[in-house]
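Asks: Sequence and predicted model, in that order:
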Amino acid sequence: DGGITQSPKYLFRKEGQNVTLSCEQNLNHDAMYWYRQDPGQGLRLIYYSQIVNDFQKGDIAEGYSVSREKKESFPLTVTSAQKNPTAFYLCASSPGGINYEQYFGPGTRLTVT
Amino acid sequence: QQPVQSPQAVILREGEDAVINCSSSKALYSVHWYRQKHGEAPVFLMILLKGGEQKGHEKISASFNEKKQQSSLYLTASQLSYSGTYFCGTGSGNTPLVFGKGTRLSVIA
């Protein structure tokens, strides 16, 4: 089955620790995205990548880092510099840019205490 | 700039109709619509492109007024399964989509 997987579904960390969220897709899509979702805020773009080995900052990139070494993988690291990391994180992919629909993974709920 | 969705929330009885609006201050090339159920991933509903092209589910209808930079999603004869939060995402030029804050739709029996 084709799709996007994110792991884990729930993640708990202590403040001050870096944590990496996994995102894998087998849809052969070029573009991948990371969004953060907070109650009442909609989906806010953290980073996106349109091609392997290239990525751009979104609207709220501070405190986050990404890599795109393989077409199917786009991991997100939440660093200790992110002041409010507790949120629901969604990964998505699409065949191209704004003309194409995005397919979302099931999300990872990160709680930092 | 984040598009504005209205209403923020709406409650319908089964069989009733609803319209969800999405408005942008920027010239738009595309508008996307997604539905998200609580705790789940958003699911694609429709794309509307400048020039009139549309791609999406047959049972969903929407409009895109390019001059007014607005889009509307029409939900007719609502079913319980329509409940969820609806998001519009707007695209301008080469920049990625920007999503609105969502419209929460509740359909009750």
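Replies: In hand now; what should we look at? The structure displayed is predicted, hence computed values, not measured ones.
Asks: List the residues that contact B:Asn65.
Replies: B:Ser71 (Cβ atoms under 8 Å, 6 or more residues apart in numbering or on different chains). Placement of C-beta: from N, CA and C, glycine included.
Asks: any idea how far it is from B:Val4?
Replies: B:Asn65 sits 14 Å away from B:Val4, going by Cβ to Cβ, to the nearest Å.
Asks: One more: B:Gly56?
Replies: 22 Å.
Asks: Next, give phi and psi for B:Tyr86.
Replies: Torsion angles at B:Tyr86 (phi, psi; degrees, to the nearest 10) stand at phi -100, psi 130.
Asks: so how far is stretch A:28-41 from its chain's centroid?
Replies: 6 Å (Cα atoms, centre = their mean, to the nearest Å).
Asks: Now that stretch: buried residues?
Replies: By neighbour count on 16 or more other Cβ atoms under 10 Å in any protein chain shown, the buried set for stretch A:28-41 is A:His29, A:Asp30, A:Ala31, A:Met32, A:Tyr33, A:Trp34, A:Tyr35, A:Arg36, A:Gln37.
Asks: gap between the two ends of that stretch?
Replies: 30 Å (Cα to Cα, to the nearest Å).
Asks: How about stretch B:90-98?
Replies: Counting by Cα to Cα, the terminal residues of stretch B:90-98 are separated by 5 Å.
Asks: Kindly report the same for stretch B:42-53.
Replies: So stretch B:42-53: terminal residues 22 Å apart, Cα to Cα.
Asks: Just give the nearest non-adjacent residue to B:Ser6, would you?
Replies: Distances taken as Cβ to Cβ, 6 or more residues apart in numbering or on different chains put B:Asn21 closest to B:Ser6, at 4.9 Å, once the chain neighbours are dropped.
Asks: How about the contacts made by that neighbour?
Replies: B:Gln5, B:Ser6, B:Gln70, B:Ser71, B:Ser72, B:Leu73.
Asks: hey, where'd the strands end up in the chain?
Replies: The chain I'm using is chain A. Applying DSSP state E to chain A gives strands spanning A:4-7, A:10-13, A:19-25, A:31-37, A:43-51, A:54-57, A:64-66, A:76-78, A:87-94, A:103-104, A:108-112.
Asks: nope, chain B
Replies: Applying DSSP E to chain B gives strands spanning B:4-6, B:9-13, B:18-23, B:30-36, B:43-49, B:54-56, B:61-65, B:70-75, B:84-91, B:98-99, B:103-108.
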